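# Below is the sequence, then the predicted model.
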There are 2 protein chains.
Amino acid sequence: MVKQELPRKAIYRLSLYYRTLQRLRQNEVPTVSSATLAKAAGVKPTQLRKDLTYVGQFGTRGLGYSVEEMCVKLSAAIGRTSFQPVILVGMGNLGSALARYDGFAKEGFEIIAAFDADTIRRPAAEGALRVRAMSGLKEFVRKQSIKMAILAVPATVAQEVTNDLVDAGIQAILNFSPTVLQVPPLVFVNNVDLAIELENLSYFIR
Amino acid sequence: MVKQELPRKAIYRLSLYYRTLQRLRQNEVPTVSSATLAKAAGVKPTQLRKDLTYVGQFGTRGLGYSVEEMCVKLSAAIGRTSFQPVILVGMGNLGSALARYDGFAKEGFEIIAAFDADTIRRPAAEGALRVRAMSGLKEFVRKQSIKMAILAVPATVAQEVTNDLVDAGIQAILNFSPTVLQVPPLVFVNNVDLAIELENLSYFIR
DNA sequence: CTGTGTGAAGGCTTTCACAGCC
DNA sequence: GGCTGTGAAAGCCTTCACACAG
């Protein structure tokens, strides 16, 4: 029935709509039109409507969509769970910042453990999050059945660490190291390559 | 003649090829085949060849591409300059980490100044980079003719700061705040939304 | 025989145009 | 009149198949 996979790019946008909606919800508005929400999310109204049809039809013509209902539908579609545990590997500059970044928690992700090759260099100053030794990584992932990892290690060891993660049963990796990771099918990787994003921008400036 | 704009997604890949090539260059290899480079970059050989035709044809059939020549061609195509000054706005968790992140420098970008609403909270400990007051932002950008900015401020003030940046003549913004920025045409924005990247991954895990 | 260059085909996304419902 | 839902069209990007060069 619902064999209908939703388009890859639509998944991103559904997350975006969800977050945009949350802000509207605080305004006690009962309904939104596609035009209004689309503007707030920075997409075209038709795009938004098309995306919404992937999660079912529930708008009222002439009126718009129920904010409440859309929240439920979206959160179901993108597989939100109230708490999804995540581990963080690599506590250098970027890793430490990510550990303290509150944007993850706001969207329901909790970083429950952090690992680094050098446990001494990073003392307890990192808030409540103790830095663990890499030697305990695989066991931790396996025992706690962790599915998601954020990878912020130097490029030189990225593949090696990835192999361990995959071995231990990790299913998804958010990769901040400027490396193309080799992973088996059914392990998903999202790359966030900061330098390339900047470089890409520089292409457009005259 | 060369009216041929290169496809948006190809621009990202060209950056990726460039970086992948740099690593090969250290191995003193004079030429690469599309198969070899494509594997290292995580794309299909035909994709790579197609992308390369956008920057001109310079391969030798039966042999491959000159590493040296490809470096030149790619760097010209993506508009690399040896040093592109960038400013950073917002020195919270993420901002501070970005200020110290060495990945930007490696790709030829130098963060020449950092701004924050709270100059006291962030002392000189941030390495050589002094934190400046927001009040001086517009003048700095204008005087130094800065074209690119990294924005790592809270969502609540993101649009406001953006307006100032645009006013002062900024042409490109790498935006880390979870906000859809409104900018005039000819100002380019790349959004890096960490929470959405994670959320997107969570969709794929069963 | 190896490996590039490329038109053509195919697939995926976005946009349009308009029918349908409140 | 206002706004959703959606097939059809258009646009963009990737992949294929194969001609062609060293």
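Received, thanks.
# show me where chain A has helices.
Under the criterion DSSP state H, helices of chain A are mapped to A:8-25, A:34-41, A:45-53, A:67-77, A:93-100, A:102-106, A:137-144, A:155-168, A:194-204.
# May I see those arranged in a markdown table, with distance to residue B:139 and mean pLDDT as well?
Any C-beta I mention is one placed from the backbone N, CA and C, and that applies to glycine too. What follows is these, written out as a markdown table (distance: least, Cβ to Cβ, whole Å; pLDDT from 0 to 100):
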| stretch | distance to residue B:139 | mean pLDDT |
| --- | --- | --- |
| helix A:8-25 | 33 | 95 |
| helix A:34-41 | 32 | 97 |
| helix A:45-53 | 39 | 98 |
| helix A:67-77 | 43 | 95 |
| helix A:93-100 | 28 | 93 |
| helix A:102-106 | 31 | 91 |
| helix A:137-144 | 48 | 98 |
| helix A:155-168 | 38 | 98 |
| helix A:194-204 | 23 | 95 |
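# Tell me, domain by domain, which residues of chain A belong where.
For chain A, automatic domain parsing gives the domain ranges A:8-77, A:84-198.
# Up against DNA strand D, what does chain A have?
Residues of chain A lying close to DNA strand D (Cβ under 7 Å from any atom of the strand) are A:32-35, A:45-46, A:49-50, A:52-53, A:57-65.
# same thing but 6 Å
Residues of chain A found near DNA strand D (Cβ under 6 Å from any atom of the strand) are A:33-35, A:46, A:49-50, A:52-53, A:57-59, A:61-65.
# which of those residues count as buried?
A:33-34, A:49, A:52, A:59, A:64-65 (16 or more other Cβ atoms under 10 Å in any protein chain shown).
# Return the residues in contact with residue A:177.
Residue A:177 makes contact with A:90, A:151-155, A:158 under the criterion Cβ atoms under 8 Å, 6 or more residues apart in numbering or on different chains.
# rerun at 10 Å
Residue A:177 makes contact with A:89-90, A:94, A:151-159, A:161-162, A:191-193, B:103 under the criterion Cβ atoms under 10 Å, 6 or more residues apart in numbering or on different chains.
# Skip the chain neighbours and tell me the closest residue to it.
Spatially, and ignoring its direct neighbours in sequence, residue A:177 is nearest to residue A:158 (4.1 Å; Cβ to Cβ, 6 or more residues apart in numbering or on different chains).
# Between helix A:155-168 and the strand ranked longest in chain A, find me the angle.
The residue-count maximum for a strand in chain A (DSSP state E) belongs to strand A:109-116. Per axes from the mean of the first three to the mean of the last three Cα atoms, to 10 degrees, the angle that strand A:109-116 makes with helix A:155-168 is 120 degrees.
# what's the distance between the residue in chain A positioned nearest to chain B and residue B:137?
Nearest to chain B in chain A, going by Cβ to the nearest Cβ, is residue A:97, at a distance of 3.2 Å. Using Cβ to Cβ, to the nearest Å, residue A:97 is found at 22 Å from residue B:137.
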